[in-house]
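# pasting the structure only:
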Ligand SMILES: O=C(CO)[C@H](O)[C@H](O)COP(=O)(O)O
């Protein structure tokens, strides 16, 4: 997985048909998704439950691009090897999920994955200031994590601070929550390059009408690049 700052659209399969993940992943990739974003929730760190390592491993053969796994779980460290075995390319842990994020990021890289760190809306950019050489991606939450379809919270000032702090390091800034053709240009202008979108990609489409996913992805990308 090489680094570049071009805009990448990462549909969140939290908004896919839960009875049909394999075909949904194939459909979004055929329709232009750059990465596939997988939201892992534990009903403890966030008030919702999704899937664990066995399900993520079952998604893997369907993902031909980048499998971007966002852990909204606490603790993280006992599960790092399981997500490496499941085939995650990027594994992101929340800075709020435990006292030893430094160790967590080292362990993710040691397990052969790219290491991501996520920040809730209430957490300042400075929380990752000492982690910049240990991380490949900073995920800025623009909703309080747990559910798709929430209203975008403006984090553009935080994104700008992070882009400045990152300097010329090869670190992606990913935005997660409420990304659509209206909000995408705001976050890209502030310095983001990976856009996670659930509702705005899957709305109106299905595996029987995958061209809707393609139109939705194109609209987000066009707005982001405008
Ligand atoms: O991490 C998430 C929620 O915690 C989802 O990825 C995020 O909310 C995307 O969904 P939407 O685009 O519908 O806001």
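That came through, no problem. Note that the coordinates shown come from a computational prediction; the quantities given were computed from them, not determined experimentally. Numbering: from 1, shown residues only.

# Enumerate the residues of this protein near the ligand.
12, 14-15, 37, 39, 70, 143, 145-150, 176-179, 196-200 (Cβ under 6 Å from any ligand atom). Placement of C-beta: from N, CA and C, glycine included.

# quick one: which of these sit in strands?
37, 39, 70, 176, 196, 197 (DSSP state E).

# For the residues you listed, give me a markdown table that also has pLDDT and neighbour count.
What follows is those, written out as a markdown table (pLDDT from 0 to 100; neighbours: other Cβ atoms under 10 Å):
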| residue | pLDDT | neighbour count |
| --- | --- | --- |
| 37 | 98 | 28 |
| 39 | 98 | 24 |
| 70 | 98 | 28 |
| 176 | 98 | 25 |
| 196 | 98 | 26 |
| 197 | 98 | 28 |
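
# about what we covered before: and the residues of the chain next to the ligand, which are buried?
Buried members of the residues of the chain next to the ligand, counted by 16 or more other Cβ atoms under 10 Å: 12, 14-15, 37, 39, 70, 143, 145-146, 148, 176-179, 196-200.

# roughly how far apart are residue 81 and residue 106?
Per Cβ to Cβ, to the nearest Å, residue 81 is found 14 Å from residue 106.

# now swap in residue 196 and tell me
25 Å.

# what does residue 38 give?
For residue 38, the distance to residue 106 (Cβ to Cβ) stands at 22 Å.

# which stretch of helix or strand covers the closest residue to residue 21 other than its chain neighbours?
Leaving aside its chain neighbours, residue 21 sits nearest to residue 59 (5.8 Å; criterion: Cβ to Cβ, 6 or more residues apart in numbering). Secondary-structure assignment from DSSP states H and E places residue 59 in helix 53-59.

# picking up where we left off before, residue 38 and residue 106: which has the busier surroundings?
Taking neighbours as other Cβ atoms under 10 Å, residue 38 and residue 106 compare with residue 38 leading, 29 against 13.

# Who does that one form a beta bridge with?
residue 69 (DSSP bridges).
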